[in-house]
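1. no sequence on hand, only this structure:
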């Protein structure tokens, strides 16, 4: 492989010009700073260098700032959580996981160069990150524009103690199921029973039903949210309770047509890929992906049209079944190794994935040397060999006969001697098993990979269920793998997939894994990553098989809502939901009586308007004269008023005109003047006077 110049920021010793390039000043200025600060120098021939570790703190930090470009985060296995925790992250948890692991990766690169104590190192990193001096991708800086040194400390401790998945956070996990409804089974049953017995009952009415049965009830908003969440989580079941006929047309499975019927053994593996140095019979250069077991140097190679995650997964499968499960793997930061799919595979298997910085092949020498050995051995005499470097390729191009035989692609017969992809794969397998495995290695003290593997007697971690590994290695379908199960089955990859288990999942969202090379099967999981079923493509089913699948799905789809409906109706009977109306009415009556018992008479005042007064006068004009009662005589003893109202009012006017009134006359005049009868006459005379 071609030699790549080492970046300035990755060197252990720098020249004055290198330091000036980082600090943004001239070489002469750096020499002055070195002389003034007494920087110790290292001489390599005539070149004067300065060790990064011996430089002043501010210079080391500036160099460290340039030495931590973003690399995709490495995943460490969870120590307490399950291996599938990382696969289950979604939404905000997934965003937190991605951003925090990326920040940790950048910080570790910064810390390695800054050579500071933990606390000042974190403080310097946070300050320079907030100032935008540390290079990072736009989405990462936008998601975390700033953070505190304590946050970095907490993230590092969390990753070390609990694994990478814990960086996603687990907020709210202790709140689920602790609400008053979920913590009171009878209340939950009462709500569901009311919903089953009275599907049209509002949340407010259900709450009144609860008030009649329980001392403490949830708020109306909380009850509305709970009912809405239950309906959303059980769309088919709720539709079945509301309208069974409508449920059959919308949710009951109806797939198909009625008239047609995935220092120790295995301590570390290294991955890498390279273009093949031969042209194949289809006129293309394929890629070769390799994995080497560092402990015994066993090697496996995979031929692929291009270096992609699916082929890396296929090679991983071969190695795991043959060698066992590795503890850790090392790869470069190529897209086929750091993709979400590959990270999920490594994370689910509990494999520590170390991602190397760009342009550092020296950090994985074993696989690099293995590729060199492969490309310089028998491959050089294979048909259509094109060379392993530029110089060799130029020599081959100058061979006119080769150029005519190989490069004239208009004549397919010219490539008839070249390997096909299958033949190249057979060649690679044969070379690894029969040649490389029996070559002595200096790194193995002159022993061969086969001998070292044979001498290992300790247990090796192996996966017994090969099918489980296959499913794990199957990549997600497009769009993150999420699909909604329809009445006719699961639509994916321009096809429809059916399975009996899908009958009870109509209307639910699932996650699908599919092998692009084999579209016959789709592996279905729920949102939490739990396996549900394996569905088969309808195109591959006969008419008889399709009818059987349709019946099975219909049977399963009916079973779930029927069971739920039966359970809810039992709850309705248990809680006497059919008596809700009279119970609620009695509850309202008792509450109203209790409220009225606590009430007091309100103070009032007479309200009138001129119109009301005139109407009263007109009404009083038709009131017949009332005789003086015995009570009136008791009120004013010794005084007898006239018998008619007109005479009494005339007497009042006469008494009011006199001054020499007896005590009885004055008392009667005062009482009568305040009564309604006198007031009516007085108003009537006023109206008559006003109208002429």
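-> In hand now; what should we look at? Keep in mind the model is a prediction, meaning the values are calculated, not measured.

2. give me the nearest residue to residue 290, chain neighbours excluded.
-> Distances taken as CB to CB, 6 or more residues apart in numbering put residue 301 closest to residue 290, at 5.0 Å, once the chain neighbours are dropped. For glycine as for every other residue, the C-beta is placed from the backbone atoms N, C-alpha and C.

3. for the chain, what helix or strand is lowest in average pLDDT?
-> Lowest on mean pLDDT, DSSP states H and E among the helices and strands of the chain sits helix 630-635, with a mean of 44.

4. SS state for the residue nearest to residue 290?
-> Using DSSP: H, G, I helix; E, B strand; the rest coil, the structure places residue 301 in strand.

5. quick one on the thing from earlier: mind listing what's buried along the following helix or strand past the least confident helix or strand of the chain?
-> With elements assigned by DSSP states H and E, the helix or strand that comes after helix 630-635 is helix 645-657. Buried residues in helix 645-657, counted by 16 or more other CB atoms under 10 Å: 645, 648, 649, 651, 652, 655.

6. give me the nearest residue to the last one, chain neighbours excluded.
-> Leaving aside its chain neighbours, residue 655 sits nearest to residue 669 (4.4 Å; criterion: CB to CB, 6+ apart).

7. so where's the stretch 501-650 of the chain uncertain?
-> 515-518, 600-605, 611-612, 614-635 (pLDDT under 70).

8. straight-line length of stretch 597-606, end to end?
-> Using CA to CA, to the nearest Å, the end-to-end distance of stretch 597-606 comes to 26 Å.

9. dihedrals phi and psi, residue 440?
-> Main-chain dihedrals, residue 440, degrees, to the nearest 10: phi -60, psi 140.

10. and the helix or strand harbouring residue 108, which residues are buried?
-> Per DSSP H and E: residue 108 is located in helix 92-114. For helix 92-114, burial by neighbour count (16+ other CB under 10 Å) applies to 93, 96-107, 109-111, 113-114.

11. which other helices and strands contact the top helix by length along the chain?
-> The longest helix of the chain (DSSP state H) is helix 543-574. Counting contacts by 3 or more CB pairs under 8 Å, 6 or more residues apart in numbering; DSSP states H and E, helix 543-574 packs against helix 185-197, helix 235-242, strand 495-498.

12. got a list of contacts for the second one?
-> Counting by CB atoms under 8 Å, 6 or more residues apart in numbering, helix 235-242 makes contact with 195-196, 199, 230-231, 246-247, 250-251, 506-507, 557, 560-562, 564-565, 568, all of which sit outside it.

13. and these, which are buried?
-> 195, 196, 230, 247, 251, 506, 557, 560, 561, 564, 565, 568.

14. tell me the one of those residues nearest residue 136?
-> residue 230 (43.6 Å; CB to CB).

15. just the pLDDT at the closest one, thanks.
-> For residue 230, the model assigns a pLDDT of 89.

16. surely it is within a helix?
-> Yes - the assignment for residue 230 by three-state DSSP puts it in a helix.

17. contact partners for it?
-> The neighbourhood of residue 230, defined by CB under 8 Å, 6+ apart, consists of 192, 238.

18. what of residue 535?
-> Going by CB under 8 Å, 6+ apart, residue 535 touches 489, 490, 497, 498, 499, 502, 521, 522, 523, 524.

19. closest to residue 126 out of those?
-> Taking CB to CB as the measure, residue 126 lies nearest residue 523 of the contacts of residue 535, at 43.4 Å.

20. so where does that closest one fall, helix or strand?
-> Using DSSP H and E, residue 523 maps to strand 518-525.

21. immediately after that strand, which helix or strand?
-> strand 531-537.

22. pairing partners for that following strand, with directions?
-> strand 495-498 (antiparallel), strand 518-525 (antiparallel) (DSSP bridges).

23. go through the longest one and flag the buried ones.
-> Same thing as strand 518-525. Quick answer for strand 518-525 (16+ other CB under 10 Å): 519, 521, 522, 523, 524, 525.

24. can you lay out these as JSON lines showing distance to residue 269?
-> Listed next are the buried residues of strand 518-525 as JSON lines, based on distance: CB to CB, whole Å:
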{"residue": "519", "distance to residue 269": "30"}
{"residue": "521", "distance to residue 269": "29"}
{"residue": "522", "distance to residue 269": "30"}
{"residue": "523", "distance to residue 269": "26"}
{"residue": "524", "distance to residue 269": "31"}
{"residue": "525", "distance to residue 269": "27"}
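
25. give me every residue that touches the residue in the chain sticking out farthest from the centre.
-> What lies farthest from the middle of the chain is residue 660; by CA atoms, centre = their mean that is 101.8 Å. Contact analysis of residue 660 by CB under 8 Å, 6+ apart lists nothing.

26. that one in helix, strand or coil?
-> coil.

27. begin at 723 from now on, thanks
-> From this message on, residue numbering opens at 723, which makes the last subject residue 1382.

28. so how far is residue 1287 from it?
-> Shown here: residue 1382 relative to residue 1287, a distance of 97 Å by CB to CB, to the nearest Å.

29. helices along the stretch 723-872 of the chain, start to end?
-> Along the stretch 723-872 of the chain, the segments classed as helices by DSSP state H, counting those that start in this stretch run 738-745, 749-759, 779-787, 807-810, 814-836, 840-852, 860-865, 871-884.

30. ok, back up a step: got a markdown table for the contacts of residue 1257, with distance to residue 1153 too?
-> Shown next, in a markdown table, are the contacts of residue 1257 (distance: CB to CB, whole Å):
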| residue | distance to residue 1153 |
| --- | --- |
| 1211 | 45 |
| 1212 | 43 |
| 1219 | 40 |
| 1220 | 44 |
| 1221 | 42 |
| 1224 | 46 |
| 1243 | 33 |
| 1244 | 36 |
| 1245 | 34 |
| 1246 | 40 |
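
31. among these, which one lies nearest to residue 1173?
-> In terms of CB to CB, no member of those lies closer to residue 1173 than residue 1245, at 40.0 Å.

32. how is the chain carved up into domains?
-> Per automatic domain parsing, the domain ranges recorded for the chain read 730-770, 807-890, 902-980+1196-1319, 991-1177, 1332-1413.

33. which one of the helices and strands packed on helix 1265-1296 lies closest to residue 1089?
-> Evaluated with CB to CB, those place strand 1217-1220 nearest to residue 1089, the distance being 38.6 Å.
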